[in-house]
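1. Return a 3D structure for these sequence lines:
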Amino acid sequence: MPAWLLPDHTSDQLPAEALQVERLRRRLIDLYGLYGYALFQPPLLEYVESLRVQGADDLDRRSFRLTDPLSGRQLSLRADITPQAARVDAHLLGQSGVSRLCYAAPAIHALPAGLLSSREPLQVGCELFGHEGLDADLEIQELALASLDAAGLQNVHINLTDRAIFAALCSGDSGVTAVEGELLSALQSKDRPRLDRACEALRPATRSALQELVSLYGPVTGAEGVLDRARRVLPKTDAVLASLNRLERVAQSALYSRHPHCQITIDLADLQGWRYHNGIMFSAFVSGYPDALVRGGRYDGMGEAFGRSRAATGFSLELRALSALSVPSHAGELPVAAPWEGDAELHEAVAHARAQGRAVVFLPESEFREWSGPRMVRTSGLWQVAPAPSSSMN
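-> Residues are numbered from 1 along each chain as shown. Down below sits the predicted model:
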């Protein structure tokens, strides 16, 4: 096997792409700071128990494991940064009120999320802890939209859902546990025959309610509005009605009035995402990308495993995918060239140019003569930056 081959679903970032990704990362972290989100950097490696989230077996399956040669304990490479944020908030920060964290770091997946997905996603996101009201959900969604806007992306499609509805419909039916994964997969793919088979061992009321979810997607209001249809066909329990009311308040909030370019839909069967989510969830789609570019939602109570249960909501995105779709913030330009065989005055001029933000590279004389970009030249005894020579001079 050639030594230059990489594992499947991994890739190098060449200089131009890496620079664009890094510039976007800086813009996003600066943006999140303006909203009060503090940057933190958790370790890539933790004990398996620290990264295991109750009910999130999908996260467990995506995680690489290895044995720690120092302790003999099982270690895991993180597949998602959100559980680490919950640990830091619950155990290390210890704030009683609202806390906000943001991050930009790689995760490692044992299995890719999709055919075109990387096994080393560069995950960027924000997490808000300590507030259970819809204000927190709306702030997180606003930040997600601001992230796309920072990348120059418009005409965003936002899809809303609430995993609490699925939990409410399945409540009290012991048969759900054995087929939950199959139910979620069938609902996500809108595969009614597959859903019917998965529901065979469930109670009639549970089966009927889950079968209704498949068709509950589309516009928020109007003749075909999802919410009105859901209120007619789903069980009228307090939990279901409360979830539908929450979705309505989010979809009709002032946030989306301020973003008229956003198309808002609701899909009650779209439960894709990590299974630790337990409330309102959202996905953001843009043209040119086959999957959701941003995913987020509620995961109240995750911090209990780390000693303190907290309300929590957040979002994350894959930075390389966002960068590939973004509008470049700077046109690529050649650095200024300087000859290696220079005097002290040249080095002083180079230092001055770099202090002003100009990139300067030293070149051998043969390469300096052929350089097509700007260069350092001596004019009237002083070294100065001269523009690139015109083609007629070459």
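2. quick one: residue 75 from residue 46, how far?
-> From residue 75 across to residue 46, the span is 7 Å (CB to CB, to the nearest Å). C-beta: built from backbone N, CA, C; applies to glycine.
3. Could you list the domains of this structure?
-> Here the domain parsing of the chain from automatic domain parsing is 15-325, 336-393.
4. distance between the shortest one and the chain's centre?
-> Same thing as domain 336-393. Domain 336-393 has its C-alpha centroid displaced from the chain centroid by 42 Å (CA atoms, centre = their mean, to the nearest Å).
5. nearest to residue 6, of the domains of the chain?
-> Closest to residue 6 of the domains of the chain is domain 15-325 (CB to CB; 10.0 Å).
6. Name the spans of this protein whose pLDDT lies under the cut-off.
-> 54-56, 274, 329-332, 391-394 (pLDDT under 70).
7. Longest helix in it, by number of residues?
-> Secondary structure of the chain per DSSP state H: the longest helix is helix 15-34.
8. Now do that one: which elements does it pack against?
-> Under the contact definition 3 or more CB pairs under 8 Å, 6 or more residues apart in numbering; DSSP states H and E, helix 15-34 sits against strand 38-39, strand 99-106, strand 122-129, helix 134-150, helix 319-325.
9. quick one, the longest one and helix 15-34 angle?
-> For the pair helix 134-150 and helix 15-34, the angle between their directions (axes from the mean of the first three to the mean of the last three CA atoms, to 10 degrees) equals 150 degrees.
10. In PDB, list the C-alpha atoms belonging to helix 134-150.
-> The C-alpha atoms that make up helix 134-150 are tabulated as PDB, following Å, rounded to 0.1, in the frame of the first residue of the first chain:
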ATOM      1  CA  LEU A 134     -37.700  29.500  24.800                       C
ATOM      2  CA  ASP A 135     -35.500  32.600  24.900                       C
ATOM      3  CA  ALA A 136     -32.500  30.200  25.100                       C
ATOM      4  CA  ASP A 137     -33.700  28.200  22.100                       C
ATOM      5  CA  LEU A 138     -34.200  31.400  20.100                       C
ATOM      6  CA  GLU A 139     -30.800  32.700  21.000                       C
ATOM      7  CA  ILE A 140     -29.100  29.500  19.800                       C
ATOM      8  CA  GLN A 141     -31.100  29.600  16.600                       C
ATOM      9  CA  GLU A 142     -30.200  33.200  16.100                       C
ATOM     10  CA  LEU A 143     -26.500  32.300  16.500                       C
ATOM     11  CA  ALA A 144     -26.900  29.500  14.000                       C
ATOM     12  CA  LEU A 145     -28.300  32.000  11.400                       C
ATOM     13  CA  ALA A 146     -25.600  34.500  12.200                       C
ATOM     14  CA  SER A 147     -23.000  31.800  11.600                       C
ATOM     15  CA  LEU A 148     -24.400  31.200   8.100                       C
ATOM     16  CA  ASP A 149     -24.600  34.900   7.500                       C
ATOM     17  CA  ALA A 150     -21.000  35.300   8.500                       C
END
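11. ok, and what's touching whatever helix or strand comes next after that helix?
-> Next helix or strand after helix 134-150 toward the C-terminus (DSSP states H and E): strand 157-162. With contact meaning CB atoms under 8 Å, 6 or more residues apart in numbering, strand 157-162 is reached by 141, 145, 220, 243-244, 246-247, 250-251, 256, 262-271, 279-286, 292.
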